[in-house]
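*Asks:* Using only what follows, build the 3D model:
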Amino acid sequence: MKSKNLFFVLLVSVTLFINYSTLTAENNARAAKNKLFTQSKEAEIITSSRVLLSKIKDVSFEFKQFSSNESATNSDAIVGSVFYLAPEKFVIKQKKGDLEQSFYCNGKTLFVYTPSQKQAITDKLSNWNKNSPLPLDLFSLDKFWNVLDREFLFSAKSLIGENACLVTFASKKNNGYFIDVLIDAKSYLPVLIKVRNSSFAQNTQFSNYKINAGIPKSSFVFKPAKDVDVIDLSE
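*Replies:* I've put the predicted structure just below:
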């Protein structure tokens, strides 16, 4: 009787071990398959975004920028629109509270016009990019990924459900800044950019894209009125 009981216990133990081993193997295979799918989907979204944006001739979209600083008690929201004409012209029209500003750029020179102050500042785009954690020429959407590759080092990527892919970069300037880019999984367009370091975060949301709709070239020309004070910072 004892021998039968011992045999039965051994049989049950072996069966449980086999079932556990089979289940573990199946789980490992499923995890490997999911990981492979995730990596493939991430690569598909990023590659498709690179191809789509590189073919943009003109585009307009709206944005909302929210900046916060842990050492400050106030946060400011900026809303506006961006108009871009390849290869290098863009206009940014924004409003922060009652203050309205327009940025005109031809790829090299930047004009910042503040109507309420009757003032226009002109400078080299490269100077602004040096002093800003978010390069302004990211708004040249056909060069969007090229600017990221130029200014930042790839850090990580991850799927956000089935709707988006989050790509993280670290600044090459060694200033502690990171940039998170959220790419929509269906449109392959950037819908959010977050610039951050240990004490600062700036979120820029993008919406209402209109691609290759035909924006007049005259929209990108800035001619200040005679009563506008033009300050040249490029020299």
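
*Asks:* what pairs with the residue minimising distance to the centre of the chain across the strands?
*Replies:* With distances taken as CA atoms, centre = their mean, the chain has Val181 as the residue nearest its mean C-alpha position (2.7 Å). Note on Val181: beta-bridge partners by DSSP bridges are Val167, Ile193.

*Asks:* Hmm, Leu148 and it touching each other?
*Replies:* Yes. Contact between Val181 and Leu148 holds when scored by CB atoms under 8 Å: they sit 7.1 Å apart. C-beta here means a position set from N, CA and C on the backbone, and glycine is covered the same way.

*Asks:* which residues of the protein fall in helices?
*Replies:* 2-54, 125-131, 144-151 (DSSP state H).

*Asks:* just checking, what packs against the second one?
*Replies:* With contacts defined as 3 or more CB pairs under 8 Å, 6 or more residues apart in numbering; DSSP states H and E, the secondary structure elements packing on helix 125-131 are strand 109-114.

*Asks:* Outside of the strand it packs on itself, list whatever touches it.
*Replies:* 99-105, 119-125, 128, 136, 222, 224, 228, 234 (CB atoms under 8 Å, 6 or more residues apart in numbering).

*Asks:* let's see it at 6 Å
*Replies:* Gln101, Ser102, Phe103, Tyr104, Ala120, Ile121, Thr122, Asp123, Leu125, Trp128, Phe222 (CB atoms under 6 Å, 6 or more residues apart in numbering).

*Asks:* for stretch 115-132, same thing?
*Replies:* For stretch 115-132, using CB under 6 Å, 6+ apart, the contacting residues are 100, 105, 108, 110-113, 135-136, 224, 227-234.

*Asks:* Tell me how far that stretch lies from the chain's centre.
*Replies:* From the chain centre to the centre of stretch 115-132 is a distance of 23 Å (CA atoms, centre = their mean, to the nearest Å).

*Asks:* buried ones in that stretch?
*Replies:* Neighbour-count burial for stretch 115-132, counted by 16 or more other CB atoms under 10 Å, picks out Ala120, Ile121, Thr122, Asp123, Leu125, Trp128, Asn129.

*Asks:* pLDDT score assigned to the residue lying closest to the fourth one once chain neighbours are set aside?
*Replies:* Okay, so that is Asp123. Residue nearest to Asp123 in three dimensions, not counting chain neighbours: Leu233, with 4.2 Å by CB to CB, 6 or more residues apart in numbering. In this prediction, Leu233 carries a pLDDT score of 86.
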